[in-house]
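Visitor: I'll drop the sequence and a predicted model, then ask my questions.
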Amino acid sequence: MLLGSKAIGTVAYLGGVPAVLESFCWSWGQMVQYNQELLCTGTEYVHYDRATISDHAPARNGLVARFIGDWLVQMDTDHSFDPDIVARLVRTADLYEVDVLSAVYQMKQPPHVPVLFQWVGAEEGTKGLQPLASWPDDAKVLQIGSAGAGCLFVRRSVFDRLSEQTPSRGAFDKTHPFSEDHSFFLRCLNAGIDCYAAMDVHSSHLRIAPVTMEDRQTDGLYQSDQFAVKGFPAHG
């Protein structure tokens, strides 16, 4: 954390050491700095963090517990991103005044449909997922039931509201049988929080190299100056 600054948000990625991330996402440090320059003025800063993927739910909950600022953008290392994607997500969320906003990306396995869903079924906790089949061509933001968390913007107020509703449960605790990200969206549904997708903000979703438990053993790479952002410590 950069002391004495006003944080406006945190960008975090889930899984892998930066050497792995570089093969997906341009230079991580340069990307965060570039988006900071697009978004910030004066003493405002975008911070950054990371988590390993030994277990997705506690890893994501850990990021939620310690992020700095008004919003958190989570990004997964089996994606690739345009260098300005964080700024585009934040600006779209601000423009349309939405609190949960996903970029659009495809399933890794055929058929490569967008990872966007609506909820079906009425019983509490057992709702199923139906892929979103169509939407207006001119849609900029689209209300959705669920998505992945691979490129996801969430305001702090959402996490605060979910924590107040069920204090003993993390935002990404796996309550839906499919995954921790769908569990998060189901909790939003039950809390009356609307969720959206930014239809012109895209990332890819094709794993190029595996992220394994061995990445945890080489975590010291992340402490090196090679991955430091200008004005930031090597580990935020």
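Guide: Good, I have the coordinates.
Visitor: contacts and neighbour counts: CA atoms only from here.
Guide: Will do.
Visitor: what's the weakest-modelled helix or strand in the chain?
Guide: Ranked by mean pLDDT, DSSP states H and E, the weakest helix or strand in the chain is helix 214-217, scoring a mean of 42.
Visitor: Would you indicate which residues of the helix or strand hosting residue 34 are buried?
Guide: Secondary structure from DSSP states H and E places residue 34 in helix 28-39. Buried residues in helix 28-39, counting neighbours by 16 or more other C-alpha atoms under 10 Å, are found at 28, 29, 31, 32, 33, 34, 35, 36, 39.
Visitor: Go ahead and measure how far the helix or strand that contains residue 184 is from the middle of the chain.
Guide: Element membership for residue 184 (DSSP H and E) is helix 180-191. Distance, stretch centre to chain centre, for helix 180-191: 14 Å (C-alpha atoms, centre = their mean, to the nearest Å).
Visitor: got the buried residues for that helix?
Guide: Quick answer for helix 180-191 (16+ other C-alpha under 10 Å): 180, 181, 182, 183, 184, 185, 186, 187, 188.
Visitor: Would you mind measuring from the residue nearest to the spatial centre of the chain to residue 65?
Guide: Central residue of the chain (C-alpha atoms, centre = their mean): residue 74, 2.2 Å from the mean position. Computed as C-alpha to C-alpha, to the nearest Å, the residue 74 to residue 65 distance reads 13 Å.
Visitor: And residue 147, by the same measure?
Guide: Distance from residue 147 to residue 65, by C-alpha to C-alpha: 21 Å.
Visitor: and the two? which has more neighbours close in?
Guide: residue 147 (28 against 12; other C-alpha atoms under 10 Å).
Visitor: Isn't that one up against residue 185?
Guide: Yes. With contacts counted by C-alpha atoms under 8 Å, residue 147 reaches residue 185, the gap being 7.5 Å.
Visitor: In contact with residue 146: list those residues for me.
Guide: 116, 117, 118, 119, 129, 182, 185, 186, 195 (C-alpha atoms under 8 Å, 6 or more residues apart in numbering).
Visitor: For stretch 174-184, C-alpha coordinates in PDB please.
Guide: Presented in PDB, the C-alpha positions along stretch 174-184 are these (Å, rounded to 0.1, in the frame of the first residue of the first chain):
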ATOM      1  CA  LYS A 174     -19.300 -21.900  -2.400                       C
ATOM      2  CA  THR A 175     -23.000 -22.200  -1.700                       C
ATOM      3  CA  HIS A 176     -24.000 -22.900  -5.300                       C
ATOM      4  CA  PRO A 177     -22.900 -26.300  -6.400                       C
ATOM      5  CA  PHE A 178     -21.200 -25.100  -9.600                       C
ATOM      6  CA  SER A 179     -18.600 -22.600  -8.400                       C
ATOM      7  CA  GLU A 180     -17.800 -19.800  -6.000                       C
ATOM      8  CA  ASP A 181     -18.400 -17.100  -8.600                       C
ATOM      9  CA  HIS A 182     -22.000 -18.300  -9.200                       C
ATOM     10  CA  SER A 183     -22.400 -18.400  -5.400                       C
ATOM     11  CA  PHE A 184     -21.500 -14.700  -5.300                       C
END
